[in-house]
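Student: Coordinates for the following, if possible.
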Amino acid sequence: MKIPGSISEEHAHLHEVLERAIDEQGALGSAAREVMKALAPHFEKEEAFALPPLGMLTLTGEEVKEDLLEVISLTDRLAVEMPRMVEEHAVIVKALDVLSQRAAEAGKMDYVSFAQDLKHHARMEEEVLYPASLLVGAYLRLWRGGGGSTNP
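Tutor: Predicted coordinates for the structure are as follows:
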């Protein structure tokens, strides 16, 4: 199951900007490395099980049947891991606050904007993407229980 392209592209862009910040000298680069330290394992979890179920939203009934059990398993894992992932967001946001402050001190307003963008991204995941993934799993479980006779 593939993560929707728009989400993958956004993750790639966020990584790209953070990599540039890591290359900065002094306190700014150090703060960016702390963000990456918190963010990298979190993104790995998202890409492993939190976001792939969203790829089901654009599939047909036959395509859904192929990945049904795998996606239900992924959403079951998300349901267990979600509280921890939200806690990870809090750690990432704290690191982003430091990055934003260091970027402002260095006059690098593009990194201040980046920090705001990444905070927004985290909120969107908590408020929309994670719950949507859970709904996909719940729907597929119901659809499967009903024999999957209608198109999802």
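Student: Which residue is the nearest non-sequential neighbour of residue 89?
Tutor: residue 122 (4.4 Å; CB to CB, 6 or more residues apart in numbering). To be clear about C-beta, it is placed using only N, CA and C from the backbone, and glycine gets the same treatment.
Student: Just the element for that neighbour, please.
Tutor: In the assignment (DSSP states H and E), residue 122 maps to helix 109-124.
Student: pLDDT of that helix, averaged?
Tutor: For helix 109-124, the mean pLDDT works out to 97.
Student: Need the residues that contact that helix.
Tutor: Residues outside helix 109-124 that contact it (CB atoms under 8 Å, 6 or more residues apart in numbering): 10, 14, 17-18, 21, 24, 28, 32, 35, 39, 89, 92-93, 96-97, 99-100, 103-104.
Student: same thing but at 10 Å, please
Tutor: For helix 109-124, contacts defined as CB atoms under 10 Å, 6 or more residues apart in numbering pick out 7, 10-11, 13-14, 17-18, 20-21, 24, 28, 31-32, 35, 39, 42, 85-86, 88-90, 92-93, 95-104, 106, 108, 129-130.
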